[in-house]
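>>> When you get a sec, could you give me coordinates for this:
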Amino acid sequence: MARQIDIWDRYSQEENLDKKKEIKKVIIEEYINLVKIIAGKLYNYYASNIEYDDLMSYGVIGLIDAIDKYDPSKNIKFETYASIRIRGSIIDQIRNLDWIPRSIRQKSKILKDANEALESKLGREASYQEIAKYLGKSEQEVLTLIDETSVYNILSIEDDFNESFKIQLKDESIESSPEDLTVYNDTIKELQRTIGELNEREQLIINLYYYEGLTYKEIGEILNISESRVSQIHSKAISKMRKQFQH
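Reported below is the predicted structural model:
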């Protein structure tokens, strides 16, 4: 801890540009594993569309941005701040690439519309079997649809989150003022509350899938349930979270 404080003091106080670059290099080397971890987890979602090295590059940009903008006096751990910047940088670059095919967007809309229509009719969440019947598809076809659109869902739900709570992890957010920091902290608490409202198994699957980077098959093996059952629980959890973000 003392070393961390010392290096940030040195970095903020150093006026010689060459020496400042050397200190920044040390910080980058110390936290490059954080970029690897975040890029690795996100690569599980985007592997068929983007190279791991590209995600690493985007993440390093976020790490450098975090180093330049980090303010130790705000009592936020650098790892926490940098994680947000790194992940945000990667997600922003992926959005800018706009690689998600129109067909995936259309499929996601079909599932969303079916879910909403059935929920309105039934007064509860629809099962994937009911969605299959509604769409005139087999249960396996619906499970495949859910799997194919899962990448789009995570981008979409983050957009809903940002729009709902008016928080953007850009220059104007957590470093600009104590008021912005309060808004940021409130937003994180709201996200935690929303996840906390999921049942225990839904929370576990969300954490294992999005934060630990496991596949449906791997999660199924851990929980001793089928891959299709994992997919069903995941879809239901995402639906619940999206509704909370849109309120």
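
>>> Please make it C-alpha for all contacts and neighbour counts, starting now.
Will do.

>>> residue ranges for the helices of the protein, please.
Along the chain, counting by DSSP state H, helices occupy 2-13, 17-46, 52-69, 78-97, 102-122, 128-135, 139-148, 150-165, 178-196, 200-206, 216-223, 227-246.

>>> from the chain's centre, how far out does the longest one sit?
In other words, helix 17-46. Relative to its chain's centre, helix 17-46 lies at 18 Å (Cα atoms, centre = their mean, to the nearest Å).

>>> do the last one as well
Helix 227-246 has its average C-alpha position 15 Å from the chain's average C-alpha position, going by Cα atoms, centre = their mean.

>>> so what's I219 up against?
Contacts for I219 (Cα atoms under 8 Å, 6 or more residues apart in numbering) come out as I205, L208, Y209, E227, V230.

>>> who touches the second one in this structure?
Meaning L208. L214, I219.

>>> and it, what pLDDT?
The model reports L208 with a pLDDT of 78.

>>> I'd like to know how far S12 sits from V26.
14 Å (Cα to Cα, to the nearest Å).

>>> A126 too?
As for A126, its distance to V26 is 52 Å (criterion: Cα to Cα).

>>> Looking only at neighbour counts, state which of those two leads.
A126 (18 against 13; other Cα atoms under 10 Å).

>>> follow-up on the earlier one: hey, least reliable of the helices of the chain by pLDDT?
Looking at the helices of the chain, the lowest mean pLDDT belongs to helix 150-165 (a mean of 54).

>>> can you list the domain ranges for this structure.
Using automatic domain parsing, the domain ranges for the chain come out as 2-97, 102-246.

>>> pretty sure I90 contacts V60?
No: I90 is beyond contact range of V60, at 9.0 Å (criterion: Cα atoms under 8 Å).

>>> Which neighbours do the two have in common?
In contact with both I90 and V60: no residue, using Cα under 8 Å, 6+ apart.

>>> tell me how far stretch 38-47 is from the chain's mean position?
Relative to its chain's centre, stretch 38-47 lies at 10 Å (Cα atoms, centre = their mean).

>>> then that stretch to CSV, C-alphas only?
Extracted in CSV, the C-alpha atoms of stretch 38-47 (Å, rounded to 0.1, in the frame of the first residue of the first chain):
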residue,chain,number,x,y,z
ILE,A,38,-10.6,-8.2,-18.4
ALA,A,39,-9.7,-8.7,-22.0
GLY,A,40,-9.7,-12.5,-21.4
LYS,A,41,-13.2,-12.5,-19.9
LEU,A,42,-14.6,-10.3,-22.7
TYR,A,43,-12.9,-12.4,-25.4
ASN,A,44,-15.2,-15.3,-24.4
TYR,A,45,-18.1,-13.2,-25.7
TYR,A,46,-16.5,-11.8,-28.8
ALA,A,47,-14.1,-14.5,-29.9
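
>>> neighbour-wise, which of the contacts of I219 leads?
Neighbour-wise, the contacts of I219 (other Cα under 10 Å) top out at V230, 25 neighbours.

>>> OK, contacts around it?
Neighbour list for V230: I205, Y216, I219, G220 [criterion: Cα under 8 Å, 6+ apart].
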